[in-house]
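> got a sequence here, can you build the structure:
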Amino acid sequence: MADDTGVIRVTLWDDKATTSLKVGDAIRIENARIRLGLYDIELSVGKTARIMKPLPEDVKELPSMEELEDVIYTTKKIDEIEEDDRRIKIVGRVIDLYEPREFQREDGVGIFRSMELADDTGVIRVTLWDEKADTPLNIGDAVKIENPRVRYRNENLELSLGRDSQIEVIKGEVEDLPSFEEIEEMVYPYKSIGDLDEESENVKISGELTDLYGDRIVSYRCPRCNTRLDVSEENICNFCGEVIDEPRHLLIIPGRITDETGEIRITFFGREAEKLLGMKTEEVVDVINKTGDEGALHDKVEDLNGVHVTVIGNANFDEYNEELRFNPKKIVDIKF
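Just a heads-up that it's a prediction; the model follows:
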């Protein structure tokens, strides 16, 4: 809840928890209990408290929702976000979106969905948890995010959206937010393969695929810890000890990509491998199970040699093979 003086967390108990409310509603609360929460003072609304429509004099000086947002949240560009930022607002455009995934937790099964958000200053990964993962989103959407949790993960800042966060798709044009095509050009600059180095991150390359390998394109993983499994072993993960009823399957297509300036090793994983092959992972696994041959799709993979692709990703140095590799994050275009 917020007014022109600040914001406070409110907890509704029992029958009060079923009160029909939506973001932006003006309400009057009477006889709430005040308590000290984790960070600030909170209101607890139980059976002796009342939630009512406000009186005319209550709303006379109450700011609009848009005005309150300016009071509550600090608007930041992506390159201004810092670890442990609280009560911030970010407006950006969805430039990549992943399918929702389930995970096991102590009280049951949870769900999360990841996306990448960008503005004219940079790009940041966003994870939506539980009901936030069901938010209808499309690549290219302009969205407003309020009160995310900011954290470091894999040496990068990320936004995490849980129950205390809000996300809203903005309809129409947004002032100071470039189009999807303009943002993609800003955050994913084009590089020739010969110009790639270990500092090449979030770059776009284009070239012809060669040396694609299709004898074993499915990796079997533990559904709990994602460790690679050997299908010939007993159905127990050697790393976490989980009994495996059904392994998680990861599609992998390794090869090389070349242009007029050079070539580099590239490996397509998961969603991008599916896009390249034109088959879902489940379909690939079904073919392998029916034929009993892990190389059943060898010829289909081989036929992809010579295909021209444009991909976005990062380059890094493979110390084992002593060569630079390209890790694709997204296939932008395929010309068969």
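
> all helices of the stretch 51-200 of the chain, in order?
56-60, 65-72, 180-187 (DSSP state H, counting those that start in this stretch).

> wait, Arg28 touches Glu57, no?
No: taking contacts as CB atoms under 8 Å, Arg28 lies outside contact range of Glu57: 10.6 Å. Glycine gets a C-beta too; all of them are placed from N, C-alpha and C.

> of those two, who's got more company?
For the pair Arg28 and Glu57, the greater number of neighbours falls to Arg28 (12 against 7), based on other CB atoms under 10 Å.

> pLDDT value on the more buried one, please?
What the model reports as pLDDT for Arg28 is 94.

> could you pick out the longest helix of the protein?
Using DSSP state H to define each element, the chain has its longest helix at helix 281-291.

> using CSV, write down the CA coordinates of that one.
The C-alpha atoms that make up helix 281-291 are tabulated as CSV, following Å, rounded to 0.1, in the frame of the first residue of the first chain:
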residue,chain,number,x,y,z
THR,A,281,14.0,-32.8,-28.3
GLU,A,282,11.1,-35.1,-27.5
GLU,A,283,10.8,-36.1,-31.2
VAL,A,284,14.5,-36.8,-31.4
VAL,A,285,14.5,-38.9,-28.3
ASP,A,286,11.4,-40.8,-29.7
VAL,A,287,13.3,-41.6,-32.9
ILE,A,288,16.4,-42.8,-31.0
ASN,A,289,14.2,-45.0,-28.6
LYS,A,290,12.3,-46.5,-31.5
THR,A,291,15.4,-47.3,-33.6
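
> quick one: residues in contact with it.
The contact list for helix 281-291, computed with CB atoms under 8 Å, 6 or more residues apart in numbering, reads 217-218, 249-251, 270, 273-274, 277, 294, 296-297.

> nearest to Thr19, of these?
Checking these against Thr19 by CB to CB gives Gly270 as the nearest, at 42.5 Å.

> quick one: the closest one from Arg221, how far?
Note on Gly270: its distance to Arg221, by CB to CB, to the nearest Å, is 11 Å.

> between the two, what contacts are shared?
When contacts are counted by CB under 8 Å, 6+ apart, Gly270 and Arg221 have Leu250 as shared neighbours.

> and the closest residue to Asp96 other than its chain neighbours, how far is that from Lys329?
If the residues on either side of it in the chain are set aside, Asp96 comes closest to Glu116, at 4.1 Å by CB to CB, 6 or more residues apart in numbering. To Lys329, Glu116 is 8 Å away according to CB to CB.

> who has more neighbours, these two?
Under the neighbour definition other CB under 10 Å, Glu116 and Lys329 were set side by side, and Glu116 has more, 21 against 16.

> I figured that one hits Val126, correct?
Yes: using CB under 8 Å, Glu116 is in contact with Val126, at 7.2 Å.

> quick one, strands of the stretch 51-200 of the chain?
Shown for the stretch 51-200 of the chain, the strands assigned by DSSP state E, counting those that start in this stretch span residues 74-75, 88-97, 101-105, 108-119, 122-129, 142-146, 149-153, 156-161, 166-170.

> what's the closest of those strands to Leu196?
strand 122-129 (18.9 Å).

> between the strands of the stretch 51-200 of the chain, which gets the lowest average pLDDT?
strand 101-105 (a mean of 81).

> which outside residues touch that strand?
Here strand 101-105 makes contact (CB under 8 Å, 6+ apart) with 109-113, 223-224.

> just flag the most distant two among these.
Using CB to CB for every pair in the contacts of strand 101-105, the one that comes out farthest apart is Arg113 and Arg224, at 19.5 Å.

> on the three-state scheme, His26 is what?
For the record, residue 26 is Ala, not His. coil (DSSP: H, G, I helix; E, B strand; the rest coil).

> save the helices of the stretch 51-200 of the chain as JSON lines, and put in mean pLDDT too.
Output for those, formatted as JSON lines (pLDDT from 0 to 100):
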{"stretch": "helix 56-60", "mean pLDDT": "87"}
{"stretch": "helix 65-72", "mean pLDDT": "85"}
{"stretch": "helix 180-187", "mean pLDDT": "89"}
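
> could you dump these into a markdown table and include distance to Asp164?
As requested, those are exported to a markdown table (distance: least, CB to CB, whole Å):
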| stretch | distance to Asp164 |
| --- | --- |
| helix 56-60 | 25 |
| helix 65-72 | 12 |
| helix 180-187 | 28 |
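
> which residues do Glu116 and Lys329 both contact?
Common neighbours of Glu116 and Lys329 are listed as Asp96 (criterion: CB under 8 Å, 6+ apart).

> who touches Ser219 in this structure?
With contact taken as CB under 8 Å, 6+ apart, Ser219 is in contact with 228, 249-252.

> return the item of these having minimum pLDDT.
Arg228 (85).

> what's around that one, how many residues?
If you count neighbours by other CB under 10 Å, Arg228 ends up with 13.

> which one of the contacts of strand 101-105 has the most neighbours?
With neighbours taken as other CB under 10 Å, the top of the contacts of strand 101-105 is Arg113, carrying 20 neighbours.

> what bridges to it?
Bridge pairing for Arg113 (DSSP bridges) gives the partners Leu128.

> for it, give its distance to Asn226.
Distance from Arg113 to Asn226, by CB to CB: 17 Å.
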